[in-house]
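Trainee: I'd like to go over a predicted model; first the sequence, then the structure.
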Amino acid sequence: QLRQLASPDLARDLANRPMLNGLSVAHGPRFRFGGESVRKGFVADVESRYPDLYTLNRLWRARLIGFDAIELAWDLADAGAPIPNYINNRPYRFDWISHHLRLGTGLTARRLLDLREAAPGLPLQVTFEDVAFELGEAVSGIDEEALAPLFDAVGCAVTVSEGGDRLAVSYPEPNVFYTLLRSFAPDKPLFVNDLALRLHEDPYAANLYDVTYTALWEAAVRGASALGIRVPPDVDSLTAPGSPFAMPDVLDAAATACLDLNRLADALGAFHLQQADVAILWSRSSRIYDGGAPFLPSLLSAYEGASFFGRQVRFITEDQCAAGILDNTRVLVLPDALSLSDAAYDAIARYIAQGGILLRHPRPAPYNELGLSRRSVLDRSDTTFLIRGEDAA
C-alpha cells in the first residue's frame, strides 16, 4: 500500500523546483489491508465498541467463542479456508469495511504529515478516480469524504464519453463526481488533473469539437479551478498520433474553451459563490450496505433530476447532517437510502418536524448503519413529497 503514495524523498526533491505548483500524493489509490496485525487491530476496534461478546454475537448473528476468533474474509479466501456465515452478514460487513476505510484514511493522513514535514509550503493533494458511484467500491479503503478536507486541494481523474443523440457528453457523470468532491471540501480548490476524453477514433469526426468544449465547460461550471487533458503515456508529444491534441477540432475546442473561460471568469466565480439550495443525501452507510445497491443508482437518478431544474445542487453527508448543516438547507432530497446512521436519521427527523422541504423515496432508511431494522419511521409533513416511479422524475 505504501508504494501507492508519494514518498517524502520525492517531495523533498521537488520542493525547490520553480515550475512546480503542487504535488499529488496519490493517483487513484486502492488499499487492501490484511494479515494478522490487521486482524488483531480489527478485533481491538470491535472489542472497544461492543460491550460484551453476547451483544456482538447477537448483532452479527455469530457464534464466536471470543473476540479473538474474529476473522478477515479475504485472508480466509486467500488461504482457501471456508468462510463463516457471519462474515457475509450486514453488521459484520459494515464494521469491517468501516474499519478498512479508517485504515486507508489513516495511512494516507500519516503520509500527508510526512510530506508536509519534508517539504514545508508545498501544496499537496490526492487525485481521486471517478469510481465513487460504482457498486462495491467502498471496500477499496478510500474514503473521499474523510480524506478530501485534509489536503490543500482536491484532485480528480475523470473520463468523459460522448453523450449520444441528445447530449454532447455523458451525464450525470462526471458532473456528479465534481459536485460530490466539492461538497466534501467546499473550501478547497478542485483540480481535474486527468481529464480523459473518450473520443471517436476518426480525427475528423463531426462531434469532436462539441465533446471537448462541453467537457471543459462542464468541469469549470461545476467548480474546477484547473483542468488537464490526458495524453496517453505511450505518446511521445502533444501533437503525435494518438494524442487528443493531434485532432484539429479537439485542439480548437480546448483553445477556444480556455479563452472563453478566462473571458468569463468573473461570471463563473459568481456562479460558484452561489449557495446550493438543493441538497442530496450522501450516505456512507448506504454505500456500504449491500455494496451500494440500490442507493448509488438512485443517487445518480436523483442528481440528474434535481440538476435539470436549473437549481444549484450539492450533497450533504450523514456527518454533516448530524453536525447541524440541515438547519440551513432549503430542500433535502433523500434517495433510496436503505441504511442510515442513527445520528443522521435523528437530524432528518428534526428537519421534517421543523418544516423542512423533503423529497424522498417511499422507503426511507428502514435500517441503521449495521443493517438492522428500525422500530420507527420518518414522519410525513405538509412539506414532504414522495417520489414515485423513476427517481429522476
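Mentor: Good, I have the coordinates. Numbering: from 1, shown residues only.
Trainee: now for the helix or strand hosting residue 286, which elements pack on it?
Mentor: Assigned by DSSP states H and E, residue 286 belongs to helix 284-288. Where contact means 3 or more Cβ pairs under 8 Å, 6 or more residues apart in numbering; DSSP states H and E, helix 284-288 is packed against helix 90-118, helix 295-307. Where you see a C-beta, it was placed from the backbone N, CA and C, and this is true even at glycine.
Trainee: so which elements touch the shortest one?
Mentor: Secondary-structure packing of helix 295-307 (3+ Cβ pairs under 8 Å, 6+ apart): helix 175-184, strand 278-282, helix 284-288, strand 313-317.
Trainee: now swap in the longest one and tell me
Mentor: When contacts are defined as 3+ Cβ pairs under 8 Å, 6+ apart, helix 90-118 sits against helix 8-14, strand 23-27, helix 36-49, helix 53-60, strand 124-129, helix 144-147, helix 284-288.
Trainee: and the contacts of the longest one?
Mentor: Looking back up the chat, that one is helix 36-49. Residues from elsewhere that reach helix 36-49 (Cβ atoms under 8 Å, 6 or more residues apart in numbering): 56, 67-68, 70-72, 75, 95-96, 99, 103.
Trainee: helices along the stretch 101-250 of the chain, start to end?
Mentor: Using DSSP state H, counting those that start in this stretch, the helices assigned to the stretch 101-250 of the chain run over residues 144-147, 175-184, 208-221, 248-263.
Trainee: just after the longest one, pick out the following helix or strand.
Mentor: What that stands for is helix 248-263. helix 265-273.
Trainee: against residue 181, how distant is the residue nearest to the spatial centre of the chain?
Mentor: For the chain, residue 132 is the residue whose C-alpha lies nearest the centre (Cα atoms, centre = their mean; 4.2 Å). Distance, residue 132 to residue 181, by Cβ to Cβ, to the nearest Å: 9 Å.
Trainee: now do residue 149
Mentor: Applying Cβ to Cβ, the value for residue 149 to residue 181 is 11 Å.
Trainee: who's more crowded, those two?
Mentor: Neighbours per residue (other Cβ atoms under 10 Å) separate residue 149 from residue 181, with residue 181 holding more: 27 against 12.
Trainee: got a list of what the more buried one touches?
Mentor: Residue 181 touches 128, 144, 148, 154, 156, 190, counting by Cβ under 8 Å, 6+ apart.
Trainee: for the residue of the chain most remote from its centre, report the pLDDT, please.
Mentor: Most distant residue from the mean C-alpha position of the chain: residue 65, 37.7 Å away (Cα atoms, centre = their mean). On pLDDT, residue 65 comes in at 97.
Trainee: one step back: contacts made by the helix holding residue 286 with the rest, please.
Mentor: Taking Cβ under 8 Å, 6+ apart as the rule, helix 284-288 contacts 93-94, 97-98, 137-138, 143, 145, 292, 295-296, 317-318, 337-341, 344, 365, 368-369.
Trainee: if we go to 6 Å?
Mentor: For helix 284-288, the external contacting residues (Cβ atoms under 6 Å, 6 or more residues apart in numbering) are 94, 97, 138, 295, 318, 337-341, 369.
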